[in-house]
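Asks: need a structure here:
(chains A and B)
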Amino acid sequence: MSDVVLELDGVTKVYGEAPTEVHALRGVDLTVAAGELVAVMGPSGSGKSTLLTIAGSLEEATNGDVRVLGSSLCGMSRNQRAALRRRSIGYVFQDFNLLAGLTAIENVTLPLELDGMRAKAARNIGLEALETLAVADHAEQFPDELSGGERQRVAIARAIVGARSLLLADEPTGALDSVNGEAVMKLIRAACKRGLAGVIVTHDAQLAAWADRVVFVRDGSIVDQTSARLGPESLLASESRS
Amino acid sequence: MSVRHALLALLAEQPRYGLQLRQEFEARTGEVWPLNVGQVYTTLQRLERDGLVESDDHEEGPQKTYRITAEGSIELDAWLHTPDTGVAPPRDELVIKMLVALRMPGIDVAALLQSHRRQLVETMQWYTHMKADSDQDANDDMGLALLADSELFRLEAVVRWLDTVDSRVKQLATPLPLAVRPAAQPARRRQGARR
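Replies: Residues are numbered from 1 along each chain as shown, chains lettered A, B, ... in the order given. Next up, the predicted model:
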């Protein structure tokens, strides 16, 4: 699939004003297609989380353009951006961000119902998403009754439910042990294989390695990216292990 | 890893031919560690010489069956319980490259670090995708997953070391604010000039 879902075109973000202004992003260009999982990797303060919040229209760029499914966020009203977020963009955060007073299924169906879908239809779609993430048995439980791994699965279900096109994740395995973290990344990768465009930001090389492409951010700019992976032959050739 | 002890471990399960040992060894290391059949037989001969395995004397060639002896079991158990010293001498090639690069004029250390970081992450992507794509049959792929995990943790440690080098170099390049700058600047310069 090569349908472009997310395009960042010369995006800059400046916080504050001279002489103390901080340039968080400096002319970032990034394109992510449907079916592709891209990792944005960089140290703390490199601008990677800002990149994600701007891509997800949670924050506005100072300059440049962000397009989701071909529509420029710059030309949108506040309400139009909110509708785009509800319908097309899913977010996964390190600390899950589930609403404590709602059950797993209510957390998942909330964006659908806010968007005007009838409760019964939303519930069916929500249960399907929980089923995909293997947590349908926990649908009626509250977040504090779930393990960390289960909570993050519910959060991913909420992020992919309905007709979402873009999945944005900020250190999605940060609060999990390595086996649960791996399970979560498998699910995110599978969601992208089914046609979502995915962007994860992380400082963790093991997490970034799940992506099809890794872009490296430094001081607000993309400085490098990975290309085709090494094959087994070249690996074996480089390590004389007989 | 010791091929000698890996063969002993396979024989501890059941007696096997040389060719079977080779196939099992490769299957369990995810087929990313090819083993020469000549190496298998040479190792078996040495193990037999040392009394750690025994074979059917009447059979020769590929049908010759090997089994572990009581002494072999003791040797295997001792090897399994011996901790890795974990003390590698500091002569890793990448470490040497960085130490050299830091002293060389005209080298963009950040770009050099990034070049190594990218290549390491590309290799990590290969291992991760191999692991992700190959869990259809859990039994067969357990060895592969463990091997991939081990390489991923090792490579991750190298990437983290590069990140630390990057931060240290960046810190050195950033002048300290006047208030916290050490008073004895000229003394530091003299110290450097002594060499």
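
Asks: just the helices in chain B please.
Replies: With DSSP state H, the ranges of helices along chain B come out as B:3-13, B:18-28, B:37-49, B:70-81, B:93-103, B:109-133, B:138-173, B:185-193.

Asks: Redo those helices as CSV? Include mean pLDDT.
Replies: Formatted as CSV, those follow (pLDDT from 0 to 100):
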stretch, mean pLDDT
helix B:3-13, 88
helix B:18-28, 84
helix B:37-49, 91
helix B:70-81, 88
helix B:93-103, 82
helix B:109-133, 91
helix B:138-173, 86
helix B:185-193, 44
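
Asks: would you turn those helices into TSV with mean neighbour count and distance to A:Leu6?
Replies: (C-beta placed from N, C-alpha, C; glycine too.) TSV is the format used below for the helices of chain B (neighbours: other CB atoms under 10 Å in any protein chain shown; distance: least, CB to CB, whole Å):
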stretch	mean neighbour count	distance to A:Leu6
helix B:3-13	19	48
helix B:18-28	18	42
helix B:37-49	15	51
helix B:70-81	14	51
helix B:93-103	12	35
helix B:109-133	19	20
helix B:138-173	15	26
helix B:185-193	9	49
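
Asks: will you turn those into CSV that also has distance to A:Glu128?
Replies: Below are these laid out as CSV (distance: least, CB to CB, whole Å):
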stretch, distance to A:Glu128
helix B:3-13, 45
helix B:18-28, 38
helix B:37-49, 52
helix B:70-81, 47
helix B:93-103, 48
helix B:109-133, 23
helix B:138-173, 26
helix B:185-193, 66
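
Asks: With chain B as the reference, measure out to A:Gly198.
Replies: As judged by CB to the nearest CB, to the nearest Å, A:Gly198 and chain B stand 14 Å apart.

Asks: Please settle this for me: is that residue part of a helix?
Replies: No. Looking at A:Gly198 with DSSP: H, G, I helix; E, B strand; the rest coil, it is strand, so not inside a helix.

Asks: which residues sit in contact with it?
Replies: Residues near A:Gly198 by CB atoms under 8 Å, 6 or more residues apart in numbering or on different chains: A:32, A:36-38, A:166-169, A:188-189, A:191-192, A:211.

Asks: In the sheet, which residues pair with it? Tell me.
Replies: For A:Gly198, the beta-bridge partners under DSSP bridges are A:Leu37, A:Leu167.

Asks: what's the burial count for A:Ala175?
Replies: A:Ala175 has 16 neighbouring residues, counting by other CB atoms under 10 Å in any protein chain shown.

Asks: Need the contacts of A:Gly198 in CSV (columns: pLDDT and neighbour count).
Replies: Shown next, in CSV, are the contacts of A:Gly198 (pLDDT from 0 to 100; neighbours: other CB atoms under 10 Å in any protein chain shown):
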residue, pLDDT, neighbour count
A:Val32, 96, 25
A:Glu36, 95, 23
A:Leu37, 95, 24
A:Val38, 96, 22
A:Leu166, 95, 23
A:Leu167, 94, 25
A:Leu168, 95, 24
A:Ala169, 93, 27
A:Ile188, 88, 25
A:Arg189, 91, 20
A:Ala191, 87, 23
A:Cys192, 92, 24
A:Ala211, 96, 27
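
Asks: Find the closest residue to chain B in chain A.
Replies: At 3.8 Å from chain B, A:Ala209 is the closest residue in chain A, using CB to the nearest CB.

Asks: pretty sure that residue contacts B:Met130?
Replies: No. At 10.7 Å, A:Ala209 does not count as touching B:Met130 under the criterion of CB atoms under 8 Å.

Asks: At the geometric centre of chain A, which residue sits there?
Replies: The centre of chain A sits closest to A:Leu168, judged by CA atoms, centre = their mean, with a distance of 1.5 Å.

Asks: Isn't it up against A:Gly56?
Replies: Yes. Using CB under 8 Å, A:Leu168 is in contact with A:Gly56, at 4.7 Å.
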